[in-house]
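Colleague: Whatever this is, show me its structure:
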Amino acid sequence: MKSPIISQIEEQITPEQILFWDLQVDLILRINRILKEKKIGKKQLAVILGKQPSEISKWLNGEHNFTLKTIAKLSAAFNEPLIEISQQKINPSITKRAYSDR
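Modeller: Presented below is the predicted three-dimensional model:
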């Protein structure tokens, strides 16, 4: 049985927030996978991008809202795409919830 507090918090989370978090986690996992494959450390990535290591840590800890410009810089630095635009459908339960709340 769920706690009433948990249920209340869940009701306040919007479908857009769920999608945002999913995308952000996927992006961070992809970046970390590429760093590992290419044997690039966070400090080295900071030098490549002209950033402070603390900023790179924020990116990889989920404390940064990636812009398309940042994603493009990272893709260029890695010489690999970080995102792809697909025809994947959004989970119907998320969409249904988004419109039922209106």
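
Colleague: CA atoms for contacts and neighbours, from now on please.
Modeller: OK.

Colleague: what are the ranges of the helices in this protein?
Modeller: Per DSSP state H, the chain carries helices over the ranges 4-12, 15-37, 42-49, 53-60, 68-78, 92-100.

Colleague: Could you give the average pLDDT over the last one?
Modeller: Averaging pLDDT along helix 92-100 yields 54.

Colleague: Turn the helices of the chain into CSV, including distance to I85 and mean neighbour count.
Modeller: What follows is these, written out as CSV (distance: least, C-alpha to C-alpha, whole Å; neighbours: other C-alpha atoms under 10 Å):
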stretch, distance to I85, mean neighbour count
helix 4-12, 29, 9
helix 15-37, 12, 14
helix 42-49, 24, 15
helix 53-60, 21, 15
helix 68-78, 13, 14
helix 92-100, 19, 11
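
Colleague: where does the chain dip in pLDDT?
Modeller: 1, 87-102 (pLDDT under 70).

Colleague: if you skip the residues just before and after it, what's nearest to the residue nearest the centre of the chain?
Modeller: The geometric centre of the chain, computed from its C-alpha atoms, lies nearest to Q24 (C-alpha atoms, centre = their mean), at 1.0 Å. Using C-alpha to C-alpha, 6 or more residues apart in numbering and skipping residues adjacent in sequence, the residue nearest Q24 is G62, 7.2 Å away.

Colleague: Sweet, I'm off.
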